[in-house]
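*Asks:* quick check, what structure comes out for this input:
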Amino acid sequence: MLKLNHIYQGNCVEVLNSLPEKSVDLIFADPPYNLQLQGELWRPNQTQVDAVDDEWDKFDDFSTYDDFTKEWLASARRVLKDDGTIWVIGSYHNIFRVGKIMMDLGFWILNDVIWYKTNPMPNFRGTRFTNATETMLWAKKSQEQKKYTFNYHVMKNLNDEKQMGNVWTIPICSREERIKVNGKKAHSTQKPEALLYRIILSSSNVGDTVLDPFFGSGTTGAVAKKLKRNFIGIELEDKYIEVARERIDAIPTPLFEDSLLVTKSKRDEERVAFGQLIEAGYLQIGQLLYSKRKEHCAIIRADAQLELNGLSGSIHKIAATVQNKSAFNGWEFWYYMDDQEHLVSIDELRAHYRERNRFPAMCQKKTPTEVKGSLKNTSRPHSRI
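*Replies:* So this is what the prediction gives:
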């Protein structure tokens, strides 16, 4: 029986093998990096660097580390749903070995995402470049897998309406975000919540289950709770489980509507036919529609077809024909002229029509003509043809 929003204590492979097959939607894994540190590291002011020297990050050799990686990745793949994805983070010490093993097991890598740290630890010895990045591999379960969650428009909106790239500039944990116990770091490799925010928001939906096989201080669970996802954590050490539980329990249960976590694309919008705008009085029979630069001008017919130079067809067909294309989205091609002689996209009219139907009480004071007249466009004024 799968326990949601629960931290399982134990060896990650053993716990993973005890979970139901194909039971989780998303996996985020922050495995040991096998840093292979040689000796102590000191700053120029003779203070010692608090490096990652925990026992759980030490392996006898590369072969031992590879075997461990194969085991947990194979077990993780078993519990991942067929339409799920996995994120694995690492540094130059381990991520190339991890990537090869992932591919050998059948995972298909969708992206490598570079986490660029705005405040990385300097290279105090001055013997190499400052290590300012970590790499995350985002993969689906197999090459044949067609369906998986990627909330493209969420990420685009988060990035000021520009397609989000694969380099994420995020500071490492510090100050208030860094969890401490008795003045010391609670966990040496605590990841920033901003990193998990992007991962969980981009690759899962409300109510999905996110699994973290190396739960540590519980960042995955904390962000999952804030975003109304379920989480499953696996952690071996008592001290980390205690920190994670206290951290997650202190987060209030979100009371906002699920709709605030959902970004709809145009494909998700209610379908509106061009003829509905004519029926509702947003556009008129005999009214002219223009291309953006007014190279083309068509007239609206009663049957919601357009006429142009003896041709008759849908907004899409005529838009494609005048451009010598096989197909084109007419909603993006045609404009009407408002009372101030500005060109306004008919797609804006469609958006207002949807809004009027969705919230009739809020929109009932404005007639379609008033709505149409109130829309503004950045196009320059044009004289009528």
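*Asks:* would you state the helices of the protein in chain order?
*Replies:* 12-18, 62-79, 95-104, 152-158, 193-203, 219-226, 238-249, 274-279, 315-322, 346-358, 360-363, 368-374 (DSSP state H).
*Asks:* with mean neighbour count, mean pLDDT and distance to residue 308 added, can I get those helices in TSV?
*Replies:* Every C-beta, even on glycine, is put in place using the N, C-alpha and C of the backbone. Shown next, in TSV, are the helices of the chain (neighbours: other Cβ atoms under 10 Å; pLDDT from 0 to 100; distance: least, Cβ to Cβ, whole Å):
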stretch	mean neighbour count	mean pLDDT	distance to residue 308
helix 12-18	18	97	62
helix 62-79	18	95	56
helix 95-104	16	97	53
helix 152-158	15	95	33
helix 193-203	21	97	42
helix 219-226	24	98	53
helix 238-249	16	96	61
helix 274-279	17	95	15
helix 315-322	20	97	5
helix 346-358	17	86	15
helix 360-363	10	47	32
helix 368-374	15	57	22
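*Asks:* export the ones you listed to a markdown table and tack on distance to residue 297?
*Replies:* Shown next, in a markdown table, are the helices of the chain (distance: least, Cβ to Cβ, whole Å):
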| stretch | distance to residue 297 |
| --- | --- |
| helix 12-18 | 64 |
| helix 62-79 | 58 |
| helix 95-104 | 55 |
| helix 152-158 | 33 |
| helix 193-203 | 43 |
| helix 219-226 | 52 |
| helix 238-249 | 61 |
| helix 274-279 | 17 |
| helix 315-322 | 10 |
| helix 346-358 | 14 |
| helix 360-363 | 30 |
| helix 368-374 | 18 |
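*Asks:* low pLDDT regions in the stretch 201-350 of the chain?
*Replies:* 266-268 (pLDDT under 70).
*Asks:* about what we covered before: which one of the helices of the chain lies nearest to residue 300?
*Replies:* helix 274-279 (6.7 Å; Cβ to Cβ).
*Asks:* and that closest one, what does it pack onto?
*Replies:* Packed against helix 274-279 by the contact rule (3 or more Cβ pairs under 8 Å, 6 or more residues apart in numbering; DSSP states H and E) you find helix 346-358.
*Asks:* between helix 315-322 and the helix it packs on, find me the angle.
*Replies:* 170 degrees (axes from the mean of the first three to the mean of the last three Cα atoms, to 10 degrees).
*Asks:* helices and strands around helix 346-358, which ones?
*Replies:* Using 3+ Cβ pairs under 8 Å, 6+ apart, helix 346-358 is in contact with helix 274-279, strand 335-337, helix 368-374.
*Asks:* mind checking which of the helices of the chain is nearest residue 209?
*Replies:* Nearest to residue 209, of these and by Cβ to Cβ, is helix 219-226 at 8.7 Å.
*Asks:* residues in contact with that closest one: which ones?
*Replies:* 5, 7, 28, 190-193, 196-197, 200, 210, 212, 215, 230-231, 233, 244, 247-248, 251, 253-254 (Cβ atoms under 8 Å, 6 or more residues apart in numbering).
*Asks:* same deal with stretch 269-276?
*Replies:* Contacts of stretch 269-276 (Cβ under 8 Å, 6+ apart): 303, 304, 314, 315, 330, 346, 350, 353, 354, 357, 358.
*Asks:* cutoff 10 Å now
*Replies:* Here stretch 269-276 makes contact (Cβ atoms under 10 Å, 6 or more residues apart in numbering) with 264, 279-280, 282-283, 300-306, 314-316, 330-331, 334, 346-347, 349-351, 353-354, 357-358.
*Asks:* for that stretch, how far is the first residue from the last?
*Replies:* 15 Å (Cα to Cα, to the nearest Å).
*Asks:* before we move on, what about stretch 224-244?
*Replies:* End-to-end distance (Cα to Cα), stretch 224-244: 13 Å.
*Asks:* tell me how far it is from the chain's mean position?
*Replies:* 21 Å (Cα atoms, centre = their mean, to the nearest Å).
*Asks:* domain assignment for the protein?
*Replies:* Here the domain parsing of the chain from automatic domain parsing is 6-266, 269-374.
*Asks:* so the longest strand seen in the chain versus helix 193-203, what angle?
*Replies:* As assigned by DSSP state E, the longest strand anywhere in the chain is strand 80-90. Per the same axes, to 10 degrees, the angle that strand 80-90 makes with helix 193-203 is 150 degrees.
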